[in-house]
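A.B. asks: predicted model follows, preceded by the sequence.
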Amino acid sequence: MSRRAVVTVAAVLAVVAAALVAWRVLTPTTPLADALTYAPDATSRATWTDWEGVRRELDADVDAGSSAEEVDAFVSDAFAADLSAMSALGTSAGTMQTELGFSPATLLWELLAQSPAGAVEVLGVGADTSFDGLAERLTDAGWTEPEDEDGVWIGGPDVVARVGSLTPELQHFVLLADRGVVLASDQAPYLEQVREVVDGDADAAAGLGDLASTLGEPLAAAVYDGTYACERLAMAQADEDAQAEADQLVAAAGGVHPLTGFAMGALAGGELRAVLQVEDADDAPGDADARAQLAAGPAPGQGGDFTDRFSVEAAGSDGREITLDLQPEEGAYVLSDLTSGPVLFATC
């Protein structure tokens, strides 16, 4: 290769490298998208709770020194604000506080990632949480310590039952002290699979992560792949009359295309955002109009109208993603209600 060719190739590589750096700078990640890097590629459903943000939103003063009763009261307040329904820790909060030394009163965030093979709780713990102290608590409570520092702590239903009111998802643990993260699952072998993702030996749920990043930084959220969304949000779950009404409403709106992903998140200040992903970007603008129309009308299968629950503040599309910005009515549980079906505006 001539010197001129070498210089040209080097220049091209330099431009590519600079472009990659610029891309990373211009496309910042989000805490939710970061958390999904721990979730296996087969993850079909993920739910998120930004516990630090929820405490700030509710002006809650719970912390590591709070009693179990105070922590349970905080979680109840979060539920009343529709900010804890995506969590798997609601009934475990007080016990976690007293027996494990961390809970929704101290956690930064929580992600529950589920796949056909299993589920994992990914917990971002606060800087004040001592992993050595957590290890001691687990040992004292009956968990079996692993040989490796980042191995699986084996518990099981008997251990959890002795500790108190804990969700089955907290049967086995992996402590990632260098990352400030705790992994938990009801299946020890599944945690081994998640460790492969952490170690870079298996793929993470990149597609869900990309979709989740379009939500911004929600306090609570649900993110589904296309298969899960089209099954769990489907109008097929409604009775025949509701399905017939839905068919007429969809036809009147101009029709919609199947979803390849769905996400909904509650943002600070009370706004809600829904992101619906279609396979072809060319279909997104038309779907945005149709789905916005559907979201502003009757809610067959759920009763009444969607306008009883929220107003559509804005609708649009960017690439394959359709975004609906919603303003919930006071007292409406929009996030928890509309992340399970039937949901007409999320129909496939």
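C.D. replies: Structure received.

A.B. asks: how about the strands in the stretch 1-150 of the chain?
C.D. replies: Counting by DSSP state E, counting those that start in this stretch, the stretch 1-150 of the chain has strands at residues 45-49, 109-115, 118-124.

A.B. asks: so which of these is the most packed in?
C.D. replies: Most buried of those, by mean neighbour count (mean count of other C-beta atoms under 10 Å): strand 45-49, with a mean of 25. (C-beta placed from N, C-alpha, C; glycine too.)

A.B. asks: can you spell out which helices and strands pack onto it?
C.D. replies: Under the contact criterion of 3 or more C-beta pairs under 8 Å, 6 or more residues apart in numbering; DSSP states H and E, strand 45-49 touches strand 109-115, helix 206-213, strand 220-225.

A.B. asks: can you give me the helices for the stretch 101-250 of the chain?
C.D. replies: In the stretch 101-250 of the chain, the segments counted as helices under DSSP state H, counting those that start in this stretch are 131-141, 157-163, 188-198, 206-213, 226-232, 240-252.

A.B. asks: who are the packing partners of the fifth one?
C.D. replies: When you say that, I think you mean helix 226-232. Applying 3+ C-beta pairs under 8 Å, 6+ apart, one finds that helix 226-232 contacts strand 259-266.

A.B. asks: domains for this protein, by residue range?
C.D. replies: 42-204, 214-346 (automatic domain parsing).

A.B. asks: distance from the shortest one to the middle of the chain?
C.D. replies: Chain-centre distance of domain 214-346: 17 Å, with C-alpha atoms, centre = their mean, to the nearest Å.

A.B. asks: contacts only, for G94.
C.D. replies: Taking C-beta atoms under 8 Å, 6 or more residues apart in numbering, we find G94 in contact with 68-69, 71-72, 103, 165.

A.B. asks: can we see that at 10 Å?
C.D. replies: G94 sits next to 66-75, 103-105, 164-165 when contact means C-beta atoms under 10 Å, 6 or more residues apart in numbering.

A.B. asks: so which of the residues you listed wins on neighbours?
C.D. replies: Within the contacts of G94, neighbour counts (other C-beta atoms under 10 Å) peak at P104, which reaches 28 neighbours.

A.B. asks: wait, isn't that one in contact with A73?
C.D. replies: No: judged on C-beta atoms under 10 Å, P104 makes no contact with A73 at a distance of 11.2 Å.
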